[in-house]
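[1] below: sequence and its predicted model.
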Amino acid sequence: MIKDYFKLSLKTLAHRKLRSWLTMIGIFIGIAAVVALVSLGEGLRSAINAQFGFLGTDVLAVMASGGLGIPGIGTVNPLTDNELDAIKEIPGVKGAAGRIQESVKLVFNKKATFSYAISIPDGDDRKVIEHVFNMNAQKGRLLKDGDKKVVFLGSMFFEEGNAFGKAVVPGSKVEIQGREFKVIGIMEKKGNARIDSAVFMNEDDLRNLVDRPKGEYDVIGVRFDENADVNKIKEDIEKNLRKIRDVKEGEEDFSVQTPAQILARVNDVLRGVQIFVYIIAAISILVGGIGIMNTMYTAVVERTKDVGIMKAIGAKNSSIFLLFFVESGLLGSAGGIMGSIFGFLTATGLAFVGRLALGTSMISAHITFQLIIGSILFAFIVGSFFGTLPAVRASKLNPVDAIRKIK
Amino acid sequence: MKFKKIIELVNVWKTYQVGAVEVNALRGINFSVKKGEFVAIQGPSGSGKSTAMHLIGCLDLPTKGKVYLEGKDISCMSESLLAQIRGKKVGFVFQQFNLIQNLTALENVALPMIFQGVNEKERIKKARNLLELVELGDRVNHYPNQLSGGEQQRVAIARALANDPDIILADEPTGNLDSKAGKEIIDILFTLHKKEKKTIVMVTHDNRLAKYAHRIVHIKDGKVIRGE
Ligand SMILES: Nc1ncnc2c1ncn2[C@@H]1O[C@H](COP(=O)(O)OP(=O)(O)O)[C@@H](O)[C@H]1O
Ligand SMILES: [Mg+2]
């Protein structure tokens, strides 16, 4: 039944003058803006989240060297137990754990690849590292104290089509730096390439393997009280370490990084931009809705005679209402569909230009089916909402007067 | 049974308010049509013929007096019930054809069936048959502006027949047509009356057409003056 009304409205729309199509430009712009900016924002957000998002908001990292973000490389002056103990004493710090990170060669299925090995300490410090990486096993189990010659691998090794051409599973034997290790577990996927391709092993194993002395670290992971002031903790750590390492402010050979906070700030900015866009979009959709209302009122006047005729041949008030209501909704969704397409093209285009200009693969448009369907549905609702009053007016027309109208 | 009253107007008044002035389009008209009759209504312009037709077709309600459709008072019926009755029992044919310009001949004929909830397949089949009946089987996909006046009026008749109404109301159906096209329309209506036993009420100025009818009712100043 309602299907017939949609068809009838579509026929009427097909015969509409260009003028009436122009009135939905507001809906068009609103939906295009929403689709373009939401998808770009989401693309950026998910790219950033993949980089840092696996980290909790209550952790930070202290790195030896100038903090180029590549720990372990070019480490001149590694961190030591002195720094580690000092950090543990800082108020607000719940725990700290040192680790070394080394590039290692892995062989499996007669194929070799290079990857990062990350050490995990024994005892309470193990908990800290597990928390920092938010470590969970999707297969097998986590490492534990006393494990020897075993490794816990990032999720990439578990995937078919990895560098070995064969999935590594718990129980597999992998050769690392010429020595054999047994795989004990596979970590959940984090979406961060470095972590997903990391090799975790107990500290003693890794020190033996790469010949690093006890008591020196590349990175110290810190877990702090969620309610603590991060900046204060960061300052305290910096102050302490400057003293221990005897460096002046501004000449530090270490860095304190709080990626989760950077992420939070980026997210805040993105959210701000998105709210701004939503407001602009809401205004233009409102204008568009009023445009639709206007053209529907015009349509009611123009088609008064048609309404009279339809009533004469048996249309109820409710049928007439439905006809105009649906037509107005379709007008809105036409704006929504075109807006979505335009928004889609704009987002993909901007992302492409952005990638070229900034030379980063981080910028991409993240367009979801839900976003598109939601936008079109919303445009339909806006259209029919603003068409309600005109449709009521049409339905209340007196048939005799309507028919008498000379067109 | 054959001459049962299908429609009856009893002392009906219709008053229009035009600004401060009241216009009495009908002044206590008494008039009835029996099932299977072919009635012609004649009268000068402005005498209230169209107004009477609208009341007969349940398109409007009287200001005073009663209108009975098959013995039932229509004035206390709801808007949606009236629309339903109108769609099912009455078929209107107007002087200006009154087709929907955006719809093809076929869609125009099928339209009344949409309002009765007939499914699409059945609608199209029926509409085609009706267009063939009025000899427009080769014009189904034409839009009204691609049809001559006579053809448009034939489409309108096909549309009036869509829901198998008991009664067909034709208000000056030949008024906008030349005499040849007008004759064709009358022939169709007469055939419908003869073969399909439709009740037909037709307003016409043309005395040659009026003589097809069983009965001619003359209206003047909103009252029946002859032929009641
Ligand atoms: N909607 C209306 N408002 C005001 N006056 C009307 C209206 N409809 C009809 N009339 C008046 O009622 C009278 C009868 O009109 P009508 O029934 O159309 O006459 P006819 O069809 O016999 O020419 C005329 O005087 C006309 O001006
Ligand atoms: Mg008239």
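    Happy to help now that I have it. Ligands and ions are numbered 1, 2, ... in the order given.
[2] which ones are touching the residue nearest the centre of chain B?
    The residue lying closest to the centre of chain B (CA atoms, centre = their mean) is B:Leu169, at 1.9 Å. Neighbouring residues of B:Leu169 by CB atoms under 8 Å, 6 or more residues apart in numbering or on different chains: B:Met53, B:Ile56, B:Gly57, B:Val90, B:Gly91, B:Phe92, B:Val93, B:Val201, B:Met202. Just so you know, the C-beta spots here come from the backbone N, C-alpha and C atoms, and that holds for glycine as well.
[3] show me which of those residues is closest to ligand 1.
    The shortest gap between ligand 1 and any of those belongs to B:Met53, at 7.6 Å (CB to the nearest ligand atom).
[4] the closest one touches B:Val203, doesn't it?
    Yes. With contact defined as CB atoms under 8 Å, B:Met53 counts as touching B:Val203 (6.2 Å).
[5] gap between the residue nearest to the centre of chain B and B:Asn102?
    25 Å (CB to CB, to the nearest Å).
[6] returning to what we had before: in three-state terms, label the residue nearest to the centre of chain B for me.
    Of the three states, B:Leu169 takes strand under DSSP: H, G, I helix; E, B strand; the rest coil.
[7] give me the pLDDT value at it.
    In this prediction, B:Leu169 carries a pLDDT score of 96.
[8] bridging residues for it?
    The bridge-partner assignment for B:Leu169, based on DSSP bridges, gives B:Phe92, B:Val201.
[9] before we move on, what about A:Ser103?
    Note on A:Ser103: beta-bridge partners A:Tyr116, judged by DSSP bridges.
[10] that older thread, list just the nearest of the contacts of B:Leu169 to chain A.
    B:Phe92 (4.9 Å; CB to the nearest CB).
[11] and whichever residue of the stretch 151-300 of chain A sits closest to chain B, how many neighbours?
    With CB to the nearest CB as the measure, A:Ala299 is the residue of the stretch 151-300 of chain A nearest to chain B, at 11.5 Å. Burial of A:Ala299, expressed as a neighbour count using other CB atoms under 10 Å in any protein chain shown, amounts to 23.
[12] who are the contact partners of it?
    For A:Ala299, the residues meeting the contact criterion (CB under 8 Å, 6+ apart) are A:Ser20, A:Phe324, A:Glu327, A:Pro390.
[13] residues near residue 176, how many?
    Looking at chain A here, since you left the chain open. Taking other CB under 10 Å as the definition, A:Ile176 ends up with a neighbour count of 22.
[14] switch to chain B, that's the one I care about
    Residues contacting B:Asn176 under the criterion other CB under 10 Å number 16.
[15] again, but for A:Asp211
    Considering only other CB under 10 Å, A:Asp211 is surrounded by 9 other residues.
[16] before we move on, back to that, for the residue of the stretch 151-300 of chain A closest to chain B, grab phi and psi.
    Backbone torsions of A:Ala299, given as degrees, to the nearest 10, read phi -60, psi -40.
[17] circling back to that earlier point, which one (most neighbours) among the contacts of B:Leu169?
    In terms of neighbours by other CB under 10 Å, the contacts of B:Leu169 top out with B:Gly91 at 30 neighbours.
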